[in-house]
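Colleague: What shape does this take:
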Amino acid sequence: RDLVILMIMFYVIFSGIQLPGVLVTVCSFGLFYGACFCEMFRSGMLGVDSGQWEAGSALGLNKLQTFRLVALPQALKRIVPVFKGEVISLIKSTSIVGYVAVIDLTCAGDIIRTRTMDAFFPLVLVSIIYIILSRVSGALLDALDRKLNASK
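Modeller: Numbering: from 1, shown residues only. Purely as a prediction, here's the structure:
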């Protein structure tokens, strides 16, 4: 799905405008994953019972305080696990931007491979870097998830 969206954005939507591939890539991933993240947040907020909003009002909190102190912490507990998966998916999706003339990590590995005639080590190094990026972002979001669920 990411490759199809990227190709449509680069070769169809922005074909008449000579935009650099990096800008098209940022716009494509920003729009697509931004929509996914907004939908996650919306569904997390809809999961908060309306009685929680009423309880905040009963405590004398205004709508912003009720949102920040009552509803948001409850919604984040539902959002973070799904958000973690999408962030890791976004990191992995950056490997396809070479199709629109953007030199990324995967494309740089291919360049090194063609210059050194060594097929194994550049690919292994690129794979290790992607694994490290995925694990670090996953660990950070796991820490956030544990912090949010510490009150259980």
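
Colleague: in stretch 109-120, what's buried?
Modeller: Going by neighbour count (16 or more other Cβ atoms under 10 Å), the buried part of stretch 109-120 is 109-110, 113. Backbone N, C-alpha and C define where each C-beta goes, glycine included.

Colleague: Quickly name whichever of these is closest to S137.
Modeller: G109 (20.2 Å; Cβ to Cβ).

Colleague: so the closest one touches V126, yeah?
Modeller: Yes. Using Cβ atoms under 8 Å, G109 is in contact with V126, at 3.9 Å.

Colleague: Report the spatially nearest residue to the residue positioned nearest the centre of the chain, omitting neighbours in sequence.
Modeller: The residue lying closest to the centre of the chain (Cα atoms, centre = their mean) is V87, at 3.2 Å. Of all residues not flanking V87 in the chain, S137 sits nearest, at 5.4 Å (Cβ to Cβ, 6 or more residues apart in numbering).

Colleague: In this protein, where is pLDDT below threshold?
Modeller: For the chain, the stretches with pLDDT under 70 are 101-103, 151-152.

Colleague: remind me, longest helix of it?
Modeller: The residue-count maximum for a helix in the chain (DSSP state H) belongs to helix 120-148.

Colleague: coming back round to it: find the helix or strand that the residue nearest to the centre of the chain is a member of.
Modeller: helix 72-93 (DSSP states H and E).

Colleague: If we go by neighbour counts, what in that helix is buried?
Modeller: Within helix 72-93, the residues scored as buried using 16+ other Cβ under 10 Å are 72, 74-80, 82-84, 87-88, 90, 93.

Colleague: Widest-spaced pair of these?
Modeller: Greatest spatial distance among the buried residues of helix 72-93 (Cβ to Cβ): Q74 and S93, at 29.7 Å.

Colleague: List the buried residues for the helix or strand harbouring L23?
Modeller: Per DSSP H and E: L23 is located in helix 21-46. For helix 21-46, the neighbour count (16+ other Cβ under 10 Å) marks 21, 24-25, 27-29, 32-33, 37, 40-41, 44-45 as buried.
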